[in-house]
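**Q** Structure, please.
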Amino acid sequence: MATEEKRVDAAAPPAPRAAPVEPASALYRARRWLHVLPFLPAGSTFLSALTLLALLHGTALVLFTRGFLLTRKALPNVNDCSPVAASGNLDASCSLPPTHDKLVFLVVDALRADFVLPVAEPAAANEFYANHIPLAGRLTDAQPTQSFLAHFIADAPTTTLQRIKGMTTGSLPTFIDAGSNFAGEQADEDNWLWQAKRAGKRIALAGDETWLNVFPRGGKSSVWAEGLVYPYDSFDVEDLDTVDRGVREHLLELLDEPRQREWDIVVAHGLGLDHAGHRFGAEHRETTRKLRETEQLLRDVVERLGDNTLLVVVGDHGMTDRGDHGGDSRDEVDAALWVYSKTPLIDAAWFEHALDSPSHPAASLRASASASVDLADRFELAWPEKGLAGSTRSVSQIDLVPTLSLLLGLPIPFGNLGLPIPELFYRTSELPVAPAPASPSSAAGEPAQRPKRSFFGLGSSSSQPERRDHEVLSPLQTYLQATLLASSELSHYLLTYTALPSGKDLLPSMPELSFILEVAKSAYKGAHAPGHSRDDMERRALDKFVAFERKARDKARHVWARFDPVLMGAGLAVFLGSLLVAARLAGAAKRGPSSRFLVGRAVEGSLAALVVGAGLAAAGGLAGRPTVLGALFVAAVGAEFGVVFAPSASSVPAAFGLKQYLSLRQFAPVLPLVAHAAVFGSNSLTVFEDSVVLYLLTTLLVVSLVRAFAAPEARLRNRLVAYSVVGLVCVRLMSVSTICREEQVPRCHPTFYLAPGSTASKVVLGLSVAAALVVPTVLRSSLAVSKSNEGVAPLFLGVGVRALLLGGSAYWALDHAVAAGSYGATGTELAGVAKTGFARAVLVAGTLAATLVWRLSPLCIRVQREQVQNSTGQAARTQIKVIGFANALGSSYLLFFGAAFSLLVLVSPPPAQLVLVLHLVVLVCLLEIWDSERDVAHLTSSLASTASLEAFLQGDDLGDGAGGFPPAPPHTGPTFVQLSTLALLAHLSFFATGHQAALSSIQWSSAFIGFPTVTYPFSPLLVTLNTLSGFVLTALALPLFVLWNVPPPLKDQGALFAPRHLLRAGAGYLAYFAGLALASAACAAHLRRHLFVWKVFAPRFMLAGVALVATDVAVVGCAMAWGATGVLSKVKASLGTRVAE
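**A** Here you go, the predicted structure:
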């Protein structure tokens, strides 16, 4: 059957040169050329087939993510109203009179709420971070009208760049903005810094350079004042003090009397606390030191603060106890806010009643906010777990935007979704009347004044009441006026946003929002009409305006991600087609050399589909779809149809051959994949996926253990039982290491970090050093079983790989020493330089060992000459033995695998190193288990014949074809069940190395291994390898399970069929990850309005997509294109082996 297919695919004889080329024959020859692909060398088409699968996966991911993770359309509109006219009067429909002329905006990165809020109970106070910044709480108690202290709730993702944008624009972030923290994005929406620049204010900056990514310096559009910008590197987490020293130096200098005339706003952003958290965790003395330094800085700032200067201290986000942030857990979103002024900010009447009293001015606001399930909408919060048993005021982070704007007398930025903070506007104020519009008969040459801006619309002022000249507003009226301005701006934004095609997602919510707004406007107008209680009507109007803002914000949060069902469906279709292509390629590889033909059919189908698609596009049949995405979809579907419906040598058409998989016997191998994929339909099972993976993997290993007892020979039986037990023990030990995501508590107990901080304990560090010494011995022992620990293997593994692993251990030992800080300043600095040197040496040497050195090294064989004696005892002839020949392919690849393993160990902290070592041991066990199972299968089938049974009973040699035993069948690579076992092992390793399907589990500190600062492209690559080390390690091991204990045929012994077996293994392994990606994408799409879509389902889809891409790259680009191809090249050059398709 395979021979027939190969004969059909052969190149057609060339047409005579003299004959004219007809169009039909030219098309036929082009198709024949595509089917043969003569430019691909023999033995390399398996790489082309696997590359085709990887391209299909990439296309499916692009299509689905563009339909699922779309961002909100950012509007470039700017609130261009002018608060102060040329006459000096204030436009009451634009802003409020400023309370202060200057602003000090101090951002303390990762300033969690419980770092600042007073913890009253000594027993509940954490000694590392509680009550180390007492100034804010003490001044709030002593001067309540001048100080405001509260929880400051951030919106996820809690990364610095997105929080800067949220605190300046008042808009909500999108889910996928988290990835932009490594590559800053400029602010493209209106913000209070732009408004301050428009008002002529001079803005200074000291600290985190991320602000310059959001608001670039230079040019007319820059918000920064020349000569007042002092940026510092934001990603050097090893340096806890440089940025903070710079912030302190420049901030205090600018606050000195001689320089106060140079600026109006100072933005200062310290990073030491955040870096201490990343480096050591929250419960560490370095964190305590940075908190105390922050306290001293606040004391010095308050001492120098002028009466006309407002101080605002904020945390952009919080941190987990191990110092991470990025997700939406309480630790990450609950930051601190402190507003202080040396002049009164809040009317004393605010404090006449307790917050929980019905007589309090904010009683109704508190009651309505208490019913909200959204943390950002709550009026008060308690945090008993952190010692904050009593309720404390809480505000949303975006509420700071309208608050600062109005306190400075600036217009509220267009697109702001925040609400003014009630306390800061509960004061008496004066509103001068706005200037009258200029008459048409104005004198020539005089600039016409702008008409007064109306509320709640682009030209309607029917809802604005008449105001008296120079009206004095009560505290309640001032807060109502501030809320009115915010609601007016939000109304303008909603009208503009929903008028655009991209804003149709909010249209269904507009009737409800309009009704609430009309009720509020009616109450507001009624407050100025005779016959009504003005105070009651103003309170009612205030409640309705606040309800309108909160409802609008809630609706925006729910529809922020605009889904495109067409693109999502296209992505799912391509994913499904890629599974059919993988099945067809694996089946073709098993039957014969038809992968070249199928790849050609894919190219032909893709080109044909593109031609058809271009015709439809020209006819207007694809209007409304992005051209590039449409072309990707058409090309991918065409390629999939070309492969799936390609003619086969089988008598059953290929398209209908899939029915064989519907039988239970054929369906059984995919049961592990189906069980794993079904997890994504439940948020609870997805949250506890690590336990599900452990259960499935253990089940498969237990099945191997049970089957081991059925082996017909004691040697094989003992071997199988021993390796199965070792594998099960290692898997169980791997599962002991874990971190817990927020939803797993209290059913999960973290063990990955033995202490709450991220510094590995001395015990784990010592074990990692011991593992570095033992791993090369384990690898050499696995080679010794097949007598292939020969040639270059002892030197490469015993010296080279061991040196690389010890170098990685030296890096982490020095890192531990630096964290301990027990060597003084000079010693710590030297240790920091040394650890960077070790890391760079391992990175360079490991890369060279896995590439150039390994590629130039010979096979792991040794040629031995022996003299064969005749019956008289004299030398009759010379016999040549090749030691290690039986595993020449696998042993050579194992050297490459060992070098790559050393690089993955370097980028992993010591607890993760131990997990990777256990992972490696399990891989070695699986190699031997499945090799022994092949021997058992061969022995069992051989004993079915009488002659073989007699030979076995007589003790003849087994498996060599002598004594009646037939030769062992050729090894065709792992089965799909075995590939599923490897995939489950990769997932278990991901969870055991300290990761979860949550942004907060990313170990960002790995970006600085070998690099003191963020260095592109190495820092993102290091984080990627750290996060996906388990997936990469298993993917690199995949060719071992095809090449292990497979002797290469000599020049005159036929061809080596390893390429087709590599294709079968690669296609099956990639199909497992593609199946998971398809399942997670389908569940995320189906549950896109689920409560946990952005907390559970979307992150799991992102993990599936990233794992699929990493596996594609590792399998195709590294394991196959470099490792397996390198081994095949060596056997061709050394032994003259002929490699077949």
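**Q** longest single helix anywhere in the chain?
**A** Longest helix in the chain, counting residues (DSSP state H): helix 910-942.
**Q** in that helix, what counts as buried?
**A** Neighbour-count burial for helix 910-942, counted by 16 or more other Cβ atoms under 10 Å, picks out 910-933, 935-936, 938-939, 942. Just so you know, the C-beta spots here come from the backbone N, C-alpha and C atoms, and that holds for glycine as well.
**Q** now swap in stretch 472-492 and tell me
**A** In stretch 472-492, counting by 16+ other Cβ under 10 Å, buried: 473-492.
**Q** Ok, stretch 849-866 next?
**A** Buried, per 16+ other Cβ under 10 Å, within stretch 849-866: 849, 850, 853, 854, 857, 859, 860, 861, 862.
**Q** Quick one: distance of that stretch to the chain centre.
**A** The chain centre lies 40 Å from the centre of stretch 849-866; the measure is Cα atoms, centre = their mean, to the nearest Å.
**Q** which SS class is residue 393?
**A** Classification of residue 393 using DSSP: H, G, I helix; E, B strand; the rest coil returns strand.
**Q** The buried residues of stretch 849-866 in strands, which ones?
**A** Of the positions in these, residue 862 sit in strands, assigned by DSSP state E.
**Q** out of the buried residues of stretch 849-866, which are inside helices?
**A** residue 854.
**Q** and the buried residues of stretch 849-866 as a markdown table, adding pLDDT?
**A** Listed next are the buried residues of stretch 849-866 as a markdown table, based on pLDDT from 0 to 100:
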| residue | pLDDT |
| --- | --- |
| 849 | 94 |
| 850 | 93 |
| 853 | 93 |
| 854 | 93 |
| 857 | 92 |
| 859 | 91 |
| 860 | 90 |
| 861 | 86 |
| 862 | 85 |
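**Q** could the buried residues of stretch 849-866 go into a markdown table alongside distance to residue 378?
**A** Below are these laid out as a markdown table (distance: Cβ to Cβ, whole Å):
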| residue | distance to residue 378 |
| --- | --- |
| 849 | 56 |
| 850 | 53 |
| 853 | 60 |
| 854 | 59 |
| 857 | 64 |
| 859 | 68 |
| 860 | 66 |
| 861 | 71 |
| 862 | 73 |
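**Q** now, the most widely separated pair of the buried residues of stretch 849-866?
**A** Greatest spacing in the buried residues of stretch 849-866, by Cβ to Cβ: 850 and 862 (23.4 Å).
**Q** on that earlier part again, so which of the buried residues of stretch 472-492 sit within strands?
**A** Among the buried residues of stretch 472-492, the members that lie in strands (by DSSP E) are residue 473.
**Q** Which residue, other than its chain neighbours, is closest to the spatially most central residue of the chain?
**A** The chain has residue 999 as the residue nearest its centroid, 5.7 Å off, counting by Cα atoms, centre = their mean. Spatial nearest neighbour of residue 999, chain neighbours left out: residue 326 (4.0 Å); criterion: Cβ to Cβ, 6 or more residues apart in numbering.
**Q** Checking that neighbour next. Helix, strand or coil?
**A** Residue 326 ends up coil, using three-state DSSP.
**Q** List the residues that contact it.
**A** Listed by Cβ atoms under 8 Å, 6 or more residues apart in numbering, the contact set of residue 326 reads 156, 157, 158, 159, 178, 181, 332, 999, 1000, 1002.
**Q** any idea of the pLDDT on the fourth one?
**A** This points to residue 159. On the pLDDT scale, residue 159 is placed at 82.
**Q** going forward can the numbers begin at 13, since that is how I track them
**A** Happy to do that; since the first residue is 13 now, the last one works out to residue 171.
**Q** That one and residue 337 touch, don't they?
**A** Yes - between residue 171 and residue 337 there is a contact under Cβ atoms under 8 Å: 7.1 Å.
**Q** Now do the shared contacts for these two.
**A** Counting by Cβ under 8 Å, 6+ apart, the residues touching both residue 171 and residue 337 are residue 329.
**Q** Could you give the number of residues near the residue nearest to residue 559 when sequence neighbours are not counted?
**A** In this structure, residue 559 finds its nearest non-sequential neighbour in residue 528, 5.7 Å apart by Cβ to Cβ, 6+ apart. Look at residue 528: counted by other Cβ atoms under 10 Å, it has 19 neighbours.
**Q** contacts for stretch 702-721?
**A** By Cβ under 8 Å, 6+ apart, stretch 702-721 touches 684, 687-688, 691, 697, 729, 732-733, 736-737, 739-740, 743-744, 747, 750, 941, 945, 989, 992-993, 996-997, 999-1000, 1003-1004, 1008.
**Q** what does the average pLDDT come to for it?
**A** Across stretch 702-721, pLDDT averages out at 94.
**Q** now swap in stretch 487-498 and tell me
**A** Stretch 487-498 shows a mean pLDDT of 92.
**Q** Can you pull out the low-pLDDT segments for the stretch 713-862 of the chain?
**A** Counting by pLDDT under 70, the stretch 713-862 of the chain contains low-confidence residues at 766-772, 833-835.
**Q** quick one: least confident helix or strand in the protein?
**A** helix 14-20 (a mean of 36; mean pLDDT, DSSP states H and E).
**Q** what's the domain layout of this structure?
**A** According to automatic domain parsing, the chain comprises the domains 440-445+481-573, 675-1151.
**Q** Show residues contacting the strand or helix carrying residue 263.
**A** Taking DSSP states H and E as the definition, one finds residue 263 inside helix 254-267. Residues from elsewhere that reach helix 254-267 (Cβ under 8 Å, 6+ apart): 116, 118, 216, 218-220, 240, 242, 244-246, 248, 271-272, 274-275, 278, 280-284, 287, 302, 305, 309, 312-313, 316-317.
**Q** what about residue 171 and residue 337, which has more around it?
**A** A direct count of neighbours by other Cβ under 10 Å for residue 171 and residue 337 places residue 337 higher, at 31 against 25.
**Q** show me where the stretch 713-862 of the chain has helices.
**A** 726-748, 774-797, 805-807, 814-832, 836-860 (DSSP state H, counting those that start in this stretch).
**Q** try the stretch 113-262 of the chain
**A** Using DSSP H, counting those that start in this stretch, helices in the stretch 113-262 of the chain cover 125-128, 147-154, 172-181, 204-210, 222-226, 254-267.
**Q** Export those helices to TSV and append columns for distance to residue 408 and mean neighbour count.
**A** Converted to TSV, the helices of the stretch 113-262 of the chain look like this (distance: least, Cβ to Cβ, whole Å; neighbours: other Cβ atoms under 10 Å):
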stretch	distance to residue 408	mean neighbour count
helix 125-128	13	27
helix 147-154	19	17
helix 172-181	9	26
helix 204-210	16	23
helix 222-226	20	22
helix 254-267	26	19
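**Q** Of these, which is nearest residue 235?
**A** Residue 235 sits nearest to helix 204-210 of all those, at 4.5 Å, using Cβ to Cβ.
**Q** on contacts alone, who are the packing partners of that closest one?
**A** strand 215-220, strand 277-282, helix 412-419 (3 or more Cβ pairs under 8 Å, 6 or more residues apart in numbering; DSSP states H and E).
**Q** measure residue 520 to residue 570 for me?
**A** Using Cβ to Cβ, to the nearest Å, residue 520 is found at 11 Å from residue 570.
**Q** oh sorry, the question was meant for residue 345
**A** Distance, residue 345 to residue 570, using Cβ to Cβ: 18 Å.
**Q** So which of the two has more stuff around it?
**A** When neighbours are counted by other Cβ under 10 Å, residue 345 and residue 570 differ, and residue 345 comes out ahead with 25 against 12.
**Q** For residue 1105, see how far away the more buried one is.
**A** Distance from residue 345 to residue 1105, by Cβ to Cβ: 18 Å.
**Q** JSON lines please, covering the helices of the stretch 113-262 of the chain and showing distance to residue 648.
**A** Formatted as JSON lines, these follow (distance: least, Cβ to Cβ, whole Å):
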{"stretch": "helix 125-128", "distance to residue 648": "49"}
{"stretch": "helix 147-154", "distance to residue 648": "57"}
{"stretch": "helix 172-181", "distance to residue 648": "33"}
{"stretch": "helix 204-210", "distance to residue 648": "43"}
{"stretch": "helix 222-226", "distance to residue 648": "35"}
{"stretch": "helix 254-267", "distance to residue 648": "47"}
